[in-house]
Structure formats: structure tokens, C-alpha cells
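Q: how would this look folded up:
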Amino acid sequence: MLSVSAAVCVLGFLGLSIGNNSNYANLYSDIFNSKFLLYKNEVESRYNILKNTESKEVELPPIKNYPSSFRNFEIKSDPGEWENSCFTKMINEMYDKQIHSIRLSKNQED
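A: Got it, this is the predicted structure:
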């Protein structure tokens, strides 16, 4: 396992070696501003809601801390959207649930 100082050196070297590439700059920024950790906590919170719900219709809070190095793939407020249907099917299989629909909380979608 790398020590913190070794990790900082490696990341610093990567930062210097990649120059102006915005994808790497975004990744570097996400690592140091804790976006990954905030995102992970929000996603885990959603999965805990889904794992423990008994409801057939589920509303989830929006993810507010997407790392800039990630593509923003968010469910929609309309449960009929294909993204929501696929996500519902995946959750039902993952947790052996019978959820009918999952959607983003109303008035929360960007």
C-alpha cells in the first residue's frame, strides 16, 4: 500500500505529465476535493433506501455531488423513462424486490 506522501508524489507526477488534458485534470480535481467520497456516500444512501424499502413506488433524492470526471447518468422524475425502467429491473434482481417504479424526487431534477 502506498503511503500518503508516495500517493501525492504519484498524483503530482501524473498531474504534471498530462499537461492540459481536461479529463485528467478533472480526475485529479475530483480526487483532491473529495467528490468521489461524497458521490460514494450519496450512492450508498440510495442503495440502502432501495434495499430496505417495502414500497412499490420509490422516490430517490438526487445525486448532488457527481465527480466532474464521471458522465452524469441520473434517473428521471418520470418513472416511465427507460433509464428508470432499467434501474428498477436491476434493483429488483439485485435485492429480490418487487418494486414497480423508481424515480427522482419531484422538483429535484436538473
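Q: Take the one helix or strand Asn26 maps to, keep the C-alpha atoms, and write them as CSV.
A: When elements are defined using DSSP states H and E, Asn26 is found to belong to helix 22-32. Output in CSV follows, covering the C-alpha atoms of helix 22-32 (Å, rounded to 0.1, in the frame of the first residue of the first chain):
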residue,chain,number,x,y,z
SER,A,22,-9.1,18.2,-19.1
ASN,A,23,-10.1,14.6,-18.4
TYR,A,24,-7.1,14.0,-16.3
ALA,A,25,-7.4,17.5,-14.7
ASN,A,26,-11.0,16.7,-13.8
LEU,A,27,-9.9,13.3,-12.3
TYR,A,28,-7.1,15.0,-10.3
SER,A,29,-9.5,17.6,-9.0
ASP,A,30,-12.1,15.0,-8.0
ILE,A,31,-9.6,13.1,-6.0
PHE,A,32,-8.4,16.2,-4.0
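Q: What mean pLDDT does it get?
A: With pLDDT averaged residue by residue, helix 22-32 scores 82.
Q: buried residues in that helix?
A: Buried residues in helix 22-32, counting neighbours by 16 or more other C-beta atoms under 10 Å, are found at Leu27, Tyr28, Asp30, Ile31. C-beta coordinates here come from the backbone N, C-alpha and C atoms, glycine included.
Q: now stretch 94-107, how far from the chain's geometric center?
A: Remark: stretch 94-107 is offset 16 Å from the chain centroid, using C-alpha atoms, centre = their mean, to the nearest Å.
Q: Point out the other elements, helices or strands, that the helix holding Asn26 touches.
A: For helix 22-32, the contact count by 3 or more C-beta pairs under 8 Å, 6 or more residues apart in numbering; DSSP states H and E identifies helix 4-18 as packing neighbours.
Q: any idea whether Leu38 is helix, strand or coil?
A: Using DSSP: H, G, I helix; E, B strand; the rest coil as the criterion, the local structure at Leu38 reads helix.
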